[in-house]
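based on what follows, work out the 3D shape:
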Amino acid sequence: MSRQLTNRNRKCPARAAVGLAMALLLTPAATAAAEPQRYAVRAFGVRIGELTLATREAEGAYTASARFRTTGLAGALAHIRFDMRSEGKLHPHLAPLSYGEQVETGRRSSDATLTFGSGGPTLSGGRAGAEGPAVPDRLQRNTVDPMTALFAALRPRPRSALCDLDLAVFDGARLNHLSLARASEQPGTITCAGRFDRRAGYPPEEMARHPGFSITLHFSGPHDRMQATRAEVETVHGPVTLILR
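Sure, this is the predicted structure:
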């Protein structure tokens, strides 16, 4: 890989919460452009922001985007924005073609784009920089970007197709593993549980302190199209919850 994109966590509670919450965006599927969806993001017992999502599925392709902004007290303490976008192919399996992000935390700015090809992802625009060891090229192959992973995990789908997921996720600098499995079932509700594990690209002390985080997703609705309505994840500073508004 010629260049690599960096997406670094900082020791800011709101930023850390947003970073992992973005790994659990609730992304609805549709056969055409869907109305933007809004989600309340809560951490530390208070609402810290709002997440807006938009997706499209058509002619064997998908696009997905997400935007986060801090609100209330969190917005007053740390004005944070996070935008992600991805597009790719739906068949024979989800395969990203491009991924981009813009991040502003007040301490760090990022604007970068990844292009995915047969040889793996490459940085096609923006700036790159890394705090952890470089991820070997061989580990970058057959990966998806963060937005595609969210799309795969949380798009509405039939009851029989929920939960099972095993993906390598690469954001240009860090390699993670997202796994989900069915945890429990009740009439009209299915709960999926899993992990978001760090695999490479992080400083050794970060890997040792926080090797991974638990994930719980709640789906409800008709059996032929169940919708993720709530997501609960661990972060380095405590739990974060996303609630469909």
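
who does whichever strand or helix holds residue 229 touch, helix- and strand-wise?
Assigning secondary structure by DSSP states H and E places residue 229 in strand 227-233. Applying 3 or more Cβ pairs under 8 Å, 6 or more residues apart in numbering; DSSP states H and E, one finds that strand 227-233 contacts helix 13-21, strand 212-220, strand 240-244. Quick note: C-beta positions are derived from backbone N, CA and C, even for glycine.

any idea of the angle the helix or strand following the first one forms with strand 240-244?
It stands for helix 13-21. Moving toward the C-terminus from helix 13-21, the next helix or strand (DSSP H and E) is strand 37-43. Here strand 37-43 points in a direction 150 degrees away from that of strand 240-244 (axes from the mean of the first three to the mean of the last three Cα atoms, to 10 degrees).

avg pLDDT for strand 37-43?
The pLDDT scores in strand 37-43 average 85.

what's it packed up against?
Using 3+ Cβ pairs under 8 Å, 6+ apart: strand 37-43 touches helix 13-21, strand 46-58, strand 240-244.

one step back: where among the helices and strands packed on strand 227-233 is average confidence lowest?
helix 13-21 (a mean of 50).

low-confidence ranges in the protein?
Within the chain, the segments meeting pLDDT under 70 span 1-35, 73-78, 106-109, 128-130.

which residue lies farthest from the center of this protein?
residue 187 (28.2 Å; Cα atoms, centre = their mean).

so how far is residue 175 from that residue?
Separation of residue 187 from residue 175 (Cβ to Cβ, to the nearest Å): 39 Å.

before we move on, what about residue 94?
Distance, residue 94 to residue 175, using Cβ to Cβ: 18 Å.

what about the two, which has more around it?
residue 175 (21 against 17; other Cβ atoms under 10 Å).

report the beta-bridge partners for the more buried one.
Beta-bridge pairing for residue 175 (DSSP bridges): residue 170, residue 200.

for residue 191, same thing?
Taking DSSP bridges, one finds residue 184, residue 218 as the beta-bridge partners of residue 191.

ok, it to residue 197 distance?
As judged by Cβ to Cβ, residue 191 and residue 197 stand 20 Å apart.

for residue 152, give me its contacts.
94, 144, 165, 167 (Cβ atoms under 8 Å, 6 or more residues apart in numbering).

between those residues, which sits nearest residue 118?
Of all these, residue 118 sits closest to residue 144, with 14.4 Å by Cβ to Cβ.

where's the closest one relative to residue 190, distance?
Distance from residue 144 to residue 190, by Cβ to Cβ: 23 Å.

again with residue 110
Taking Cβ to Cβ, one finds residue 110 at 35 Å from residue 190.

for residue 136, same thing?
For residue 136 relative to residue 190 (Cβ to Cβ), the value is 37 Å.

okay, the two: which has more neighbours?
residue 190 (20 against 12).

residues contacting the nearest residue to that one once chain neighbours are set aside?
For residue 190, ignoring the flanking residues on the chain, the nearest one in space by Cβ to Cβ, 6 or more residues apart in numbering is residue 219 at 4.7 Å. Residues near residue 219 by Cβ under 8 Å, 6+ apart: 162, 189-192, 226-229.

most neighbours of all those, which one?
residue 228 (26 neighbours).

does that residue really touch residue 151, like I thought?
No. Counting by Cβ atoms under 8 Å, residue 151 is not a contact partner of residue 228; they are 11.4 Å apart.

now the end-to-end length of stretch 158-168.
Stretch 158-168 has an end-to-end distance of 24 Å (Cα to Cα, to the nearest Å).

no, scratch that, I was asking about stretch 183-195
Using Cα to Cα, the two ends of stretch 183-195 sit 12 Å apart.

also stretch 135-147?
OK, stretch 135-147 end separation, Cα to Cα: 19 Å.

which parts of it are buried?
135, 140, 143-147 (16 or more other Cβ atoms under 10 Å).
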